[in-house]
Structure formats: structure tokens, C-alpha cells
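A.B. asks: need a 3D model of the sequence below.
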Amino acid sequence: MVAYFWGTAFLTSKYMNPNEGGIDHLHLIWAIVSFLMIAVSTLSGIKSAKWELNTQDDFLLQNVWFSEQIKHLLLRLEHILWDAKQWISFLLPVLAAIVWTTRIPPLHAIWILALSFLVFTILTQGIAALYSGILKTRDRSRAALVGTMAGAIIARTVIVALCTIAGRIAAPWVNTFPLIQRELDVQALETWQREGSKLFMEEVQHVLRFLLESWWPHVALADLFMLQASGWLILWAIVFGGAITGTRLNAFSRRNRQIAFNKILETLYGKLHSIVPAKDAGLLSARIKVLCRSSYTLRNLQALFGGIGFWILIGIFSGMLSRVNVDKIEYAVLSFMSFMIMYFLSFELYSSLSGKISLEASGERIILDLMAERTLWNELQQQWSIHKLLAWPIFAFGQLVVILLSGKFSILLLLLLPVQAIYVWCFTLICHIPSVIHPRFDYLNPEQIQDYPEKEVIRGITHYIVLGVILPVALLPLILYMADYIEFSWFVSLQYIVIPGLMFGVAAIGLRLMKAKLHRWIDINDLHLK
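C.D. replies: Numbers count the residues shown, from 1 in each chain. Have a look, this model is predicted:
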């Protein structure tokens, strides 16, 4: 909270001071804050809707005498109140810093704080009701499922197209990267950085002009913060319209309880499973069918098409590759791309579907497996296999998109395929480390699986190790090659054979340690289940 306060205070004072290159434009600052507030409220509303739909709180659903609509409203409010900590820990310090920096009068400050909390609460509830209604309607309509799949494909196509354009815009600047010889030219590096900053700011200004059009909700909210009447009707029409529409969809969706499922996905993953041999193939095949027919999967259907971060990187790197004309720069882009897109693919997929592919996905039903003399290691093998199975189609299609958009198909790209396959194998395994170290089967809602504080700490450490330690080590041959310390043949051998081999070896050792730990966990009492 302290960091948010002082960071916002510094940026606000710098931005509002014309002598330091800023622009004296308070409305722009409030528009940015309003955009963040709406984004946080939207994410909170989506999480609240998922919490409501995936709840396993049988006591509330079966024994409380309220109507079903009130029960689900209470479930959403439960998560919204819990998520209000985001308003306290993030939005409140930001708002307080702006109020303090801009010397806003006390009554105006009270209005800002009250309005922000009111907007957060109402907008979160509206988004939660709307999203919940959409998901319920989609779950029970095959036509809606097909529409969702089409929408996911269209959205990712647009994202890739926009990011490809961004990559092509940045490519001429990337081509001039000065660190491609042993001698460091500090002046050339500083010039290159200034040109990059200038290019970035020019593109950001175009985006800001578009986002500051008066018809945007965050601009209307900024007007309200500044006590300007314009725009408030638009804002509240959206808020209450979303809440009413969501309630209507909720009511409609309860009339039909049959859950639809998509046989296309079941057929696809079933075929892939039959090609790739696996232990306990019959059980794994049954789990795949359950996964494809699960309402949890249908509500997170977009994850099966790859995460947003994955496709953003696919577009940016494809755009760069299509315009990069310096060999060393091209190798740098390829090496960095092969690592980062596999990292995002694995972690985004796990984050979106942890309720079905994590070690704890079975919940308290894990007792049945332990009574059948199976161990947690057997459970991890099954869930990890499903995780990899879901990743392979996205991986293959992503590579095809890179080749088509970049217009480049070379031996090096073919060599990258097994390298990236190894990265997927390693990263999907790393995703399961928090669950192996601290499994929690006693949750009431699958949305809780990743929210336990101890698991968040472990997950943060793993992300830091991957990006702060493994990534620099993995790119060390590239750095040596770009600085002319090794020849091209050595670079290819080290970057695309030795480094992936080392990663695979270390991951294999980690897998053995996981196996040893989980094999010892065979007593039901050790899992602290009720």
C-alpha cells in the first residue's frame, strides 16, 4: 500500500509539473485511474461469477431457506466482499495519493472515495450477474457453445493481427540494436534507447487519444470524479443495465438444467490421447471425457484456445521476424520467443483450468483413490498428462501461425520445435510445484485452489526462478554469440541442444523428487481432510 501511494504521488506530481515535461491535465489522470478501477471491478466480477457457479458449499445451497436467486446473490456478494481488499490495498492508496498531490478539498476528497467504493461494489455486482447469466446460458446451449468457440477464435485473431502490426512497427528499431559486437559502444546504446522511448511514446499517444474519447465509460467516470455532470448517464446505464441483464439471464438459465457439451473437443483430445502412450490409459481416457463434459471446463472454454498473453507474444514475435533483416537479431528473437511463448502457454493454461488439471482437482474425492491403494503420485501423473495434452494443439497451431505471419521457414525453425516441446514439458511440470509442496484438498470452491497464501508464495518464487534465473541462463549462449565470443556452430549447439538438454535433465530430477514426496503421502490423515 505504501509503495502504491508514494509511486502514484511521484508520478502524479511529475506528470502535473510542466517544468518536468509533463502535461497539466487532471482529467487525463482521473481517466487513467477510472480505467484501472473499471478493469479491477470487471476482473473481480468475473471471479465472483465463477465462485458462484463452482461453489461446493452444500450447506448454503441445500439448507438455507432463501430462494435460489438469493442464494446465488449471496455467493457472489461473499466473494465481492472478500475481493474488496483490492480496493483497499490498491485503489485506495492510488486515490489518496492523487487527492494529496493535487490538493483536492476535503469534501471533494470524501466524494471521490465514496464514489469509488460505490462504483467498485455496484459495477462488480453488475459484471458478476451479467457474466454468471452468460455462462449459465452458454452451458446449456450447444449453439451458444459454438458461438463461444467462434468468439474465442475471432478475439485471438484480432489480438494476433494487432500485435503483428506492433511487432512490424518495432522491427526497424530492433534491427539497429547495437550490442552485436564485442566492443560496447555506450553512446550508440544510449541513442538506441532514446529512439525506442520516442517510438514507444508516439504509439502510446495514438492509443491514449483513442481511449480518451468522451463515449468511453472510464472517461464518464473521470467526469464524475471531477464533479462534471457530463457522462454520468452513460456510466450508470451501463452499470444497472449489466446488473438487470445479468439477473434476467440468471432467471432464464435456471429453466433448463441440462448441460451441453462439445463433442468436437472430446473427439480431438481423445484422438491425441490415443496417439500418445500413457500409463493408466483407460483411466486417463475417462478423465478426458469428464474434462470435456464438465461445466467448469465449458465456463473456461477460452483457455483451450490459448491464453491472451500467449497470442500477444505470438503476434509481436511474428511481426518482428517478418521485418528483421539482421541475422543475429533474428536468432535473438527466435531464442527469446521459443522460451517465452511456451512459458505463457503452460502457466496461463494451468491458471485457467487449475480446477480440473491440478493435483487437488479431485477435492475430497481423493480419499477414494487412496482407499484404492493409489497414491498422490498417480494423481499427479494423470493431471500432468492432461495438462500436456491440452497444451499440444495450442503449441502446434501457434507454431503454424508464426511461420505463416513471419513468412520464414528455415532449418532453425524446425530445430526449435523439439526445443519448445521440451520447454512445454518442463514448464507444465513446474506449474504443479505449489500443489506438490502444499496440496489442499479441503476447499469449498475450485476457485480457491490457487488462492491459498502459502501457494501464492511458492508460485511467486517459481515465477521468479523461471524468469530471473532460468531465462538468463538459457539465453547465455545467445549473449555470447551476439558479443562475438563464440561461433555460430557453437551457438546452435549450446542454445538448441545443450541448454534444452540441461533443462530436461534438471526437470527429470525434480520429477523424481516429486515422486518420492508424493509416494510417502499415502495416509488420509496427513491430508487434513474433514
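A.B. asks: where does pLDDT dip in the chain?
C.D. replies: 1-25, 55-87, 138-141, 180-185, 228-262, 276-279, 411-412, 521-530 (pLDDT under 70).
A.B. asks: in what helix or strand does the most centrally placed residue in it lie?
C.D. replies: Most central in the chain under C-alpha atoms, centre = their mean is residue 348, positioned 5.0 Å from the mean C-alpha point. According to DSSP states H and E, residue 348 maps onto helix 327-357.
A.B. asks: before we move on, what about residue 373?
C.D. replies: According to DSSP H and E, residue 373 maps onto no helix or strand at all.
A.B. asks: count the neighbours of it for me.
C.D. replies: Residues lying near residue 373 (other C-beta atoms under 10 Å) number 8. In short, each C-beta sits where N, CA and C put it, glycine included.
A.B. asks: just the one 10 residues further on next, same as before
C.D. replies: For residue 383, the tally of surrounding residues (other C-beta under 10 Å) stands at 24.
A.B. asks: pretty sure it is touching residue 361, no?
C.D. replies: Yes. Look at residue 383 against residue 361 with C-beta atoms under 8 Å: they come within range, at 6.2 Å.
A.B. asks: list the buried residues in the helix or strand in which residue 190 is found.
C.D. replies: According to DSSP H and E, residue 190 maps onto helix 186-211. Of all the residues in helix 186-211, those buried under the rule 16 or more other C-beta atoms under 10 Å are residue 192.
A.B. asks: following it, which helix or strand comes up?
C.D. replies: With DSSP H and E, the next secondary element past helix 186-211 is helix 217-225.
A.B. asks: angle of that following helix against helix 186-211?
C.D. replies: 80 degrees (axes from the mean of the first three to the mean of the last three C-alpha atoms, to 10 degrees).
A.B. asks: which helices and strands sit right next to helix 217-225?
C.D. replies: Helix 217-225 sits against helix 26-53, helix 106-139, helix 232-253, with contacts defined as 3 or more C-beta pairs under 8 Å, 6 or more residues apart in numbering; DSSP states H and E.
A.B. asks: for the second one, buried residues please.
C.D. replies: Residues of helix 106-139 classed as buried: 109, 112, 116-117, 119-136, 138-139 (neighbour count, 16+ other C-beta under 10 Å).
A.B. asks: the residue nearest to the centre of the chain contacts residue 313, doesn't it?
C.D. replies: No. Residue 348 is beyond contact range of residue 313, at 10.7 Å (criterion: C-beta under 8 Å).
A.B. asks: distance check, residue 101 against residue 119.
C.D. replies: As for residue 101, its distance to residue 119 is 21 Å (criterion: C-beta to C-beta, to the nearest Å).
A.B. asks: actually residue 347, not the one I typed
C.D. replies: Distance from residue 347 to residue 119, counting by C-beta to C-beta: 31 Å.
A.B. asks: what does the helix or strand that contains residue 503 contact?
C.D. replies: Element membership of residue 503, judged by DSSP H and E, is helix 499-519. If you take C-beta atoms under 8 Å, 6 or more residues apart in numbering as the criterion, helix 499-519 is touched by 375-377, 379-380, 418-419, 422-423, 425-426, 429-430, 432-433, 436, 470, 473-474, 476-477.
A.B. asks: give me the buried subset of these.
C.D. replies: 375-377, 379-380, 419, 422-423, 425-426, 429-430, 432-433, 436, 470, 474, 477.
A.B. asks: those in helices, which ones?
C.D. replies: Those of those mapping onto helices are 376-377, 379-380, 419, 422-423, 425-426, 429-430, 433, 436, 474, 477, per DSSP state H.
A.B. asks: quick one: which of those is nearest to residue 368?
C.D. replies: Using C-beta to C-beta, residue 379 comes nearest to residue 368 of those, at 11.0 Å.
A.B. asks: ok, so what distance separates that closest one from residue 454?
C.D. replies: Residue 379 is 20 Å from residue 454, by C-beta to C-beta.
A.B. asks: the helix holding residue 190 packs against which elements?
C.D. replies: Using 3+ C-beta pairs under 8 Å, 6+ apart, helix 186-211 is in contact with helix 26-53, helix 142-175.
A.B. asks: which of those sits most buried?
C.D. replies: A comparison of these by mean neighbour count, using mean count of other C-beta atoms under 10 Å, puts helix 26-53 on top with a mean of 21.
A.B. asks: next, the angle helix 186-211 makes with that helix.
C.D. replies: If you take the same axes, to 10 degrees, helix 26-53 sits at 70 degrees to helix 186-211.
A.B. asks: how close does residue 198 get to residue 98?
C.D. replies: Going from residue 198 to residue 98 by C-beta to C-beta gives 28 Å.
A.B. asks: try residue 379
C.D. replies: For residue 379 relative to residue 98 (C-beta to C-beta), the value is 49 Å.
A.B. asks: ok, now residue 40?
C.D. replies: From residue 40 across to residue 98, the span is 16 Å (C-beta to C-beta).
A.B. asks: can you give me the end-to-end distance of stretch 174-192?
C.D. replies: Stretch 174-192 has its terminal residues 9 Å apart, counting by C-alpha to C-alpha, to the nearest Å.
A.B. asks: ditto for stretch 492-502
C.D. replies: 15 Å.
A.B. asks: please identify the buried residues of that stretch?
C.D. replies: Neighbour count says stretch 492-502 has 492, 494, 495, 496, 499, 500 buried, by 16+ other C-beta under 10 Å.
A.B. asks: and these, which is closest to residue 371?
C.D. replies: residue 500 (40.6 Å).
A.B. asks: how close does that closest one get to residue 338?
C.D. replies: Plainly put, residue 500 is 9 Å away from residue 338 if you go by C-beta to C-beta.
A.B. asks: give me the common contacts of those two.
C.D. replies: 419, 423.
A.B. asks: circling back to that earlier point, nearest to residue 177, of the buried residues of stretch 492-502?
C.D. replies: Comparing those against residue 177 with C-beta to C-beta places residue 495 closest, at 17.6 Å.
A.B. asks: that closest one contacts residue 477, correct?
C.D. replies: Yes. With contact defined as C-beta under 8 Å, residue 495 and residue 477 form a contacting pair (4.2 Å).
A.B. asks: circling back to that earlier point, reformat the helices and strands packed on helix 217-225 as TSV; add distance to residue 294.
C.D. replies: Below are the helices and strands packed on helix 217-225 laid out as TSV (distance: least, C-beta to C-beta, whole Å):
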stretch	distance to residue 294
helix 26-53	12
helix 106-139	10
helix 232-253	17
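A.B. asks: right, and those helices - which one's nearest residue 274?
C.D. replies: It is, among the helices and strands packed on helix 217-225 and with distance given as C-beta to C-beta, helix 106-139, at 27.7 Å.
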